[in-house]
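A.B. asks: Coordinates for the following, if possible.
(chains A and B)
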Amino acid sequence: MQVEAADRSVPVHSPAVKESVWTRNWREIKKSKHHYILMAPYMILFFMFTVIPVVFSMILSFFYFNMLEFPRFVGLQNYSRLLLGDDVFMIALKNTLMFAVITGPVSYIACFLFAWIINELSPKIRAFMTLVFYAPSIAGNVYFIWLIFFSGDAYGYLNGFLMKTGFILEPVQWLTNEQYILTIIIIVQLWLSLGTSFLAFIAGLQTVDHTLIEAGSIDGIKNRWQELWFITLPSMRPQLMFGAVMQITSSFAVADVAIALAGFPSVNYAAHTIVTHLMDYGTIRFEMGYASAIATVLFGLMLGANLLIQKLLRKVGE
Amino acid sequence: MSVKTIRLISGTKKLNRSFTVSFLLFLLLAAFGCFMALPLIYAVNNAFKPLDELFIFPPRFLVNNPTMDNFFDLFSLMGNSWVPLSRYIMNTLIITVVGTAGHILLASAAAYPLAKYRFPGSKVLFTIVVLSLMFSAQVTAIPNYMVMSWLGWINTHASIIVPSLSFSLGLFLMKQFMEQIPDALLEAAKIDGASEYRIFWTIVMPNVKPAWLTLMILQFPMLWGSDGGNFIYSENLKTLHYALGQIVLGGIARAGVGAAVALLLMVVPITLFIISQSSVIQTMATSGMKE
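C.D. replies: Numbers count the residues shown, from 1 in each chain, chains lettered A, B, ... in the order given. Got it, this is the predicted structure:
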């Protein structure tokens, strides 16, 4: 952001408030020139690949566009088709909400609970347990190893175990049966979900001010549960809010695991999510306007859920 | 001249919890620890299983006669195909190293002014970054594809690397961590006549090493596990994760080789985390959202 210094730097004596605000801002912008230059490379990419695409996607959702012909304005037609006429989207929406409602809160509570228990261990064991719980989320997307556990033939571990112990006589098709597939994806999703927020909670617990805890015990806090609710949680509120954002965002974005385990498309769309629906229209059918409408709905859901939960979390321990 | 670090207090006991409750909690921890670790232990074991042990009924969890055959098979198999395995490894390395190093540099440069100065637009920009943590990259997938094809970057490594440089979680964490750098340190340098760039490079950057490692541990696995998505279709530009997918699709005859590649894919990020764990935790202590 280069500044043209010459013509604007004439001192302005005009009494108009608006003008003086602008000149002051301009002077500050010039003064912080170096800051803008430092930020420029990141911000240009950030706007190019995140901010502008979100806005562009919203605009595109009002058009019919197939990458070949010139976009044609269709008003709300994409949305009415999506919300009223697309049965598969309804399945995707139902599945996505179910994943979000289950994996979101469960993984969030698990992140905190395990961080809380681990925090009481000696430093060496704590480091080890942190690794054990965090490792799956960074293990290079190797969640397909779950395929062998739930494999539909007798060589699958679950089938092998259940057949040997006599619970079932014939192998169960875990991954193609609509009854089981959602549960299995939720299990694997939870396995992957102790990520950034888990680390943030561990770090947050280690920085809770111990004088507060001592003061609390004088003020009549009797046990660890009261200490957790009245002291630990409120002093960790910033981390709790950060963790919530991480868990909510990822719980709405389930797709890779569903595709790896159930295939794409899955049997009767049993494991179809908003993201896989988006991929279907965006990368296979090339209905970009319609896909953008799906993306905009997803954006609204994620942002809405996040802002709502932020509001609720602000009340913790108040 | 070092940043005031956060004191990490070990969890000494202050209040008693009943023995039964403590016992149950640790039992819970142990049970879920097994749930977390078993698939990975299984993956490690599988990579060393000879072929007959891979297809035994009932299936066995641990390896009896460990062998390196799978790894030799992997290299002979991939050495003979028209795209050698080393090519996939090289592609993954290029994407991961350039993407991670570039991200740390760009995010730090942007985080420094945001953390330490107020200037027109600084608040708005940071708010947008925080908001962008609240939706995932899939939301922008469609326009991104168009931007890539407009730039002519489809089927190049740049299509994976460049967008990843502006990953917003990295900027957020770096900015929160940099806020701890004492202002006095920066003022002193300014009085000595150092430029902003010099301050950033010689004072700020060396002081935020824990945050570099954190950005690395968040960025590295994402790129390392990338399969190239919809952007890369030339075989000689594909990544290791993509190759793994192809091997797994090859069916049971390739099960051993698949296990060897899976081990390769998971060992690297996990090792990095073991090395950088304490720095990462130190950075995460400042990760909180204030409003």
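A.B. asks: Would you state the helices of chain B in chain order?
C.D. replies: With DSSP state H, the ranges of helices along chain B come out as B:19-47, B:51-54, B:69-80, B:85-116, B:122-132, B:141-151, B:158-165, B:168-178, B:183-191, B:196-199, B:205-207, B:209-224, B:240-249, B:255-284.
A.B. asks: Going by contacts, tell me the helices and strands next to the shortest one.
C.D. replies: For helix B:205-207, not one helix or strand is in contact under the criterion 3 or more C-beta pairs under 8 Å, 6 or more residues apart in numbering or on different chains; DSSP states H and E. (Glycine included, C-beta is placed from N, CA and C.)
A.B. asks: quick one: buried residues of that helix?
C.D. replies: Buried residues in helix B:205-207, defined by neighbour count with 16 or more other C-beta atoms under 10 Å in any protein chain shown: B:205, B:207.
A.B. asks: what's the neighbour count on the closest residue to residue B:161 other than its chain neighbours?
C.D. replies: Excluding the flanking residues, the one nearest residue B:161 by C-beta to C-beta, 6 or more residues apart in numbering or on different chains is residue B:99, at 4.6 Å. Residue B:99 has 24 neighbours, counted by other C-beta atoms under 10 Å in any protein chain shown.
A.B. asks: Kindly report the same for residue A:59.
C.D. replies: With neighbours defined by other C-beta under 10 Å, the count for residue A:59 comes to 13.
A.B. asks: Is whichever strand or helix holds it positioned near chain B?
C.D. replies: Assigned by DSSP states H and E, residue A:59 falls within helix A:52-60. Yes: using C-beta under 8 Å from any C-beta of the partner chain, helix A:52-60 reaches chain B at A:52-54, A:56-57, A:60.
A.B. asks: Narrow the residues you listed to just the buried residues.
C.D. replies: Buried members of the residues of helix A:52-60 next to chain B, counted by 16+ other C-beta under 10 Å: A:53-54, A:56-57, A:60.
A.B. asks: Count residues in the vicinity of residue B:187, would you?
C.D. replies: The tally of other residues near residue B:187 (other C-beta under 10 Å) stands at 11.
A.B. asks: oh, I was asking about residue A:139
C.D. replies: 25.
A.B. asks: And the residue in chain B that chain A sits nearest to, what's its pLDDT?
C.D. replies: Of all residues in chain B, residue B:288 sits closest to chain A, at 2.2 Å by C-beta to the nearest C-beta. Listed pLDDT for residue B:288 reads 84.
A.B. asks: just to revisit the earlier point, with pLDDT added, can I get the buried ones among the residues of helix A:52-60 next to chain B in TSV?
C.D. replies: Converted to TSV, those look like this (pLDDT from 0 to 100):
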residue	pLDDT
A:53	93
A:54	94
A:56	93
A:57	93
A:60	93
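A.B. asks: of all the residues you listed, which comes closest to residue A:212?
C.D. replies: Nearest to residue A:212 out of those is residue A:54 (C-beta to C-beta; 40.7 Å).
A.B. asks: Below-threshold pLDDT in the stretch 101-250 of chain B: ranges please.
C.D. replies: B:250 (pLDDT under 70).
A.B. asks: 90 - rerun?
C.D. replies: B:136-138, B:141-150, B:154, B:193-194, B:196, B:222, B:225-250 (pLDDT under 90).
A.B. asks: returning to what we had before: between the helices of chain B, which one is closest to residue A:307.
C.D. replies: Shortest distance between residue A:307 and those, using C-beta to C-beta, is found for helix B:122-132: 9.0 Å.
A.B. asks: and the next helix or strand after the helix holding residue A:59, average pLDDT?
C.D. replies: Next helix or strand after helix A:52-60 toward the C-terminus (DSSP H and E): strand A:63-64. If you average the pLDDT over strand A:63-64, you get 93.
A.B. asks: Give me the distance from stretch B:101-121 to the chain's centre.
C.D. replies: In terms of C-alpha atoms, centre = their mean, to the nearest Å, the centre of stretch B:101-121 is set 20 Å apart from its chain centre.
A.B. asks: Send me it as PDB with only the CA atoms.
C.D. replies: Below are the C-alpha coordinates for stretch B:101-121, written out as PDB (Å, rounded to 0.1, in the frame of the first residue of the first chain):
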ATOM      1  CA  ALA B 101       8.000 -22.100   5.900                       C
ATOM      2  CA  GLY B 102       6.200 -19.500   3.800                       C
ATOM      3  CA  HIS B 103       3.200 -19.600   6.100                       C
ATOM      4  CA  ILE B 104       5.300 -19.000   9.200                       C
ATOM      5  CA  LEU B 105       7.000 -16.100   7.500                       C
ATOM      6  CA  LEU B 106       3.900 -14.400   6.100                       C
ATOM      7  CA  ALA B 107       1.800 -14.900   9.100                       C
ATOM      8  CA  SER B 108       4.500 -13.600  11.500                       C
ATOM      9  CA  ALA B 109       5.000 -10.500   9.300                       C
ATOM     10  CA  ALA B 110       1.300  -9.800   9.400                       C
ATOM     11  CA  ALA B 111       0.900 -10.700  13.100                       C
ATOM     12  CA  TYR B 112       3.500  -8.300  14.300                       C
ATOM     13  CA  PRO B 113       1.800  -5.000  13.400                       C
ATOM     14  CA  LEU B 114      -1.600  -6.400  14.500                       C
ATOM     15  CA  ALA B 115      -0.200  -7.500  17.900                       C
ATOM     16  CA  LYS B 116       1.800  -4.300  18.700                       C
ATOM     17  CA  TYR B 117       0.200  -1.300  17.000                       C
ATOM     18  CA  ARG B 118      -3.200   0.300  16.500                       C
ATOM     19  CA  PHE B 119      -3.600   1.900  13.100                       C
ATOM     20  CA  PRO B 120      -6.500   2.500  10.700                       C
ATOM     21  CA  GLY B 121      -8.000  -0.900   9.700                       C
END
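A.B. asks: in it, what counts as buried?
C.D. replies: Of the residues in stretch B:101-121, B:102-116, B:119, B:121 count as buried by neighbour count, 16+ other C-beta under 10 Å.
A.B. asks: How about stretch B:61-80?
C.D. replies: Neighbour-count burial for stretch B:61-80 [16+ other C-beta under 10 Å]: B:63, B:70-71, B:74, B:78.
A.B. asks: Rebuild these as CSV, extending it with distance to chain A.
C.D. replies: Converted to CSV, the buried residues of stretch B:61-80 look like this (distance: C-beta to the nearest C-beta, whole Å):
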residue, distance to chain A
B:63, 14
B:70, 15
B:71, 16
B:74, 15
B:78, 18
